[in-house]
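**Student:** requesting a structural model of the entry that follows:
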Amino acid sequence: MSFKVMSQLADIDIGWYPVAGTNTLYVGQLVYSTADGLNTVGAASGAADTTSKTPPWGVIVGVNDDAPVYDTTNKVNKIVGVETQAAQVARTFIGVEGMWSKNDPQAFVKVARIRPGTILQANIYNAAVGTAPTLLTVTTGSTDGLSFTSNACDFTPVDQFAVAYCRSGANAGLYRHTSDTSTTACTVLKAFPQDIAIGDTFVRVPGRTHGQAYAQTDTSSLYFNCAVSPATDYWVIDVDSIDLSAAGKETVTFAFNVDHFGLKRA
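**Tutor:** Numbering: from 1, shown residues only. Okay, here's the model as predicted:
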């Protein structure tokens, strides 16, 4: 699964919107409004995306191709926009709802809208759909529960904007925010309550367990990418919770910070 809106179904604001140009869009993708339709949000550019300024419009939940095309790389259905008369009349499509004529042959996507405060859930992958964050095995532990050394994690951490989760060992199941900027030497802000031993396993990802955090999407805006350090280019998200308990199923539940919805912000 990619991005999804977590509101109750009756509360989700859903509508149909055209695909901009000849772009390829995917179910579960974050999109924004541009030119003659919707296009992928992509990765954030600048601090809090202040370089690109692409306010998230919604998450794609469907397409209007009569026979949807499955993308094997991203593991979701996709749709390709059309512009010319010939390309439009050649389409086989289903009718859409709302202001649009059911006979309009342009490519449409069905979108669950994102507004300030909308709660979403996103997968956390390591540079590709389905690839889990790297499992870290402790090579040097600590008797005060404040640090460990391991094989390299997937990104360069930002002080206080990364999470360490213990998968196995005396602290299994516990989360701590980290205060270092090293890929191998992890230091936590609050001690793990038990000694950290050689052979214990952890995962580390950008973000926080709650509150405002920095995160970066992949270029197709289908997931949060734990292989990228959110030091220069990042979204600001308001985290409700994070789940790192199962490899390949890591998720974060969050809302986009309200700052992202101002198109002309500084």
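**Student:** do I have it right that Val31 meets Val111?
**Tutor:** Yes: Val31 sits in contact with Val111 when judged by C-beta atoms under 8 Å, with a separation of 6.6 Å. For glycine as for every other residue, the C-beta is placed from the backbone atoms N, C-alpha and C.
**Student:** which of these two has more neighbours?
**Tutor:** Neighbour tally, Val31 and Val111, criterion other C-beta atoms under 10 Å: the higher count belongs to Val31, 28 against 24.
**Student:** the more buried one in helix, strand or coil?
**Tutor:** strand (DSSP: H, G, I helix; E, B strand; the rest coil).
**Student:** which secondary structure element is home to the nearest residue to it once chain neighbours are set aside?
**Tutor:** Of all residues not flanking Val31 in the chain, Leu38 sits nearest, at 4.3 Å (C-beta to C-beta, 6 or more residues apart in numbering). Under the assignment given by DSSP states H and E, the secondary-structure element containing Leu38 is strand 37-40.
**Student:** next SSE after that strand?
**Tutor:** Remark: after strand 37-40, the chain's next helix or strand is strand 58-63, criterion DSSP H and E.
**Student:** elements contacting that next one?
**Tutor:** Using 3 or more C-beta pairs under 8 Å, 6 or more residues apart in numbering; DSSP states H and E as the contact criterion, the neighbours of strand 58-63 among helices and strands are strand 4-5, strand 24-26, strand 30-34, strand 76-80, strand 108-113.
**Student:** show the subsequent helix or strand relative to the shortest one.
**Tutor:** Remark: after strand 4-5, the chain's next helix or strand is strand 14-18, criterion DSSP H and E.
**Student:** go on, the last one?
**Tutor:** Helices and strands here follow DSSP H and E; after strand 108-113, the next one along the chain is strand 120-125.
**Student:** I'd like to know which elements whatever helix or strand comes next after that next one is packed against.
**Tutor:** Scanning forward in sequence from strand 120-125 by DSSP H and E, the next helix or strand is strand 136-140. The helices and strands touching strand 136-140, judged by 3+ C-beta pairs under 8 Å, 6+ apart, are strand 147-150, strand 201-206.
**Student:** quick one: strand 136-140 to strand 201-206, angle?
**Tutor:** With axes from the mean of the first three to the mean of the last three C-alpha atoms, to 10 degrees as the basis, strand 136-140 and strand 201-206 are set at 110 degrees to each other.
**Student:** what separates strand 136-140 from the chain centre, distance-wise?
**Tutor:** Averaging C-alpha positions (C-alpha atoms, centre = their mean, to the nearest Å) puts strand 136-140 27 Å from its chain's average.
**Student:** what residues does it touch?
**Tutor:** Under the contact criterion C-beta atoms under 8 Å, 6 or more residues apart in numbering, strand 136-140 has outside partners 148-151, 153, 169, 186, 196-204.
**Student:** what's the answer for stretch 7-22, then?
**Tutor:** By C-beta under 8 Å, 6+ apart, the residues outside stretch 7-22 that reach it are 5, 25, 33-39, 57-58, 61, 64, 79-83, 96-98, 100, 106-113, 115, 118-119.
**Student:** low pLDDT regions in the stretch 151-266 of the chain?
**Tutor:** Along the stretch 151-266 of the chain, the model assigns pLDDT under 70 to no residue.
**Student:** ok, now how distant is Lys78 from Thr22?
**Tutor:** For Lys78, the distance to Thr22 equals 13 Å [C-beta to C-beta, to the nearest Å].
**Student:** correction: the previous question concerned Ala43.
**Tutor:** Taking C-beta to C-beta as the measure, Ala43 and Thr22 are separated by 21 Å.
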